[in-house]
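Q: predicted model follows, preceded by the sequence.
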Amino acid sequence: MKISTRGRYALRFMIDLAQHDSTEYTALKDISERQGISVKYLEQITSLLSKFGLLQSVRGPQGGYKLAKVPSAYTIGEILRITEGNLAPVACLQQPVNSCPRAQGCATLNLWAGLSKVINDYLDSKTLEDLVKSNTGADDIDYYI
């Protein structure tokens, strides 16, 4: 499994929204400048995230985007599954029912199923709030001698 730029940029976008005033709408242009991601690419990502109810948006001069929920209500797994699709490490685990003709005798199926569980459990245990908190700290500390 390899996370594409769409998934990585979606996380950066959501973290940016979570780090800034959640009561106000943030212009896509501002996030684009802070994150170094083109507005055009962010438009594609926001369209997808909005479709699944993760964002609220308003058009116009005072418009922009804001989170639909508090940062602790978003799991990283949720965001990545929306932007990346299924996070299964092998194709035969991407559907609810494994239709692989070799599944019955597959010596590696349990290995891939276990890996898939670990990946999904881990990503579902981390929230947007966790990433925001882990990104603060060391950069905010001033050291004096």
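A: In hand now; what should we look at?
Q: name the next helix or strand following the helix ranked longest in the chain along the chain.
A: Criterion DSSP state H: the longest helix present in the chain is helix 109-125. Using DSSP states H and E, the next helix or strand after helix 109-125 towards the C-terminus is helix 128-135.
Q: now that following helix: buried residues?
A: Neighbour counts over helix 128-135 (16 or more other Cβ atoms under 10 Å) mark 128, 131-132 as buried. Yep, even glycine has a C-beta here, placed from its N, CA and C like the rest.
Q: for stretch 109-120, same thing?
A: 109, 112-113, 115-116, 119-120.
Q: distance between that stretch and the chain's centre?
A: 20 Å (Cα atoms, centre = their mean, to the nearest Å).
Q: is the spatially most central residue of the chain within a helix or a strand, and which one?
A: What sits nearest the mean C-alpha location of the chain, by Cα atoms, centre = their mean, is residue 79, with 3.4 Å. Taking DSSP H and E as the criterion, residue 79 maps to helix 76-84.
Q: packing partners for that helix?
A: With contacts taken as 3 or more Cβ pairs under 8 Å, 6 or more residues apart in numbering; DSSP states H and E, helix 76-84 sits against helix 5-19, helix 39-51, helix 109-125, helix 128-135.
Q: average model confidence for the shortest one?
A: Right, helix 128-135. Averaged across helix 128-135, pLDDT comes to 91.
Q: could I get that helix in CSV with only the CA atoms?
A: Written as CSV, here are the backbone C-alpha positions of helix 128-135 (Å, rounded to 0.1, in the frame of the first residue of the first chain):
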residue,chain,number,x,y,z
LEU,A,128,-7.0,14.7,13.3
GLU,A,129,-6.6,16.2,16.7
ASP,A,130,-3.7,13.8,17.4
LEU,A,131,-1.9,15.0,14.4
VAL,A,132,-2.5,18.7,15.3
LYS,A,133,-1.2,18.1,18.8
SER,A,134,1.9,16.1,17.6
ASN,A,135,2.7,19.0,15.3
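Q: how near is residue 86 to residue 73?
A: 22 Å (Cβ to Cβ, to the nearest Å).
Q: pLDDT below threshold where in the chain?
A: 136-145 (pLDDT under 70).
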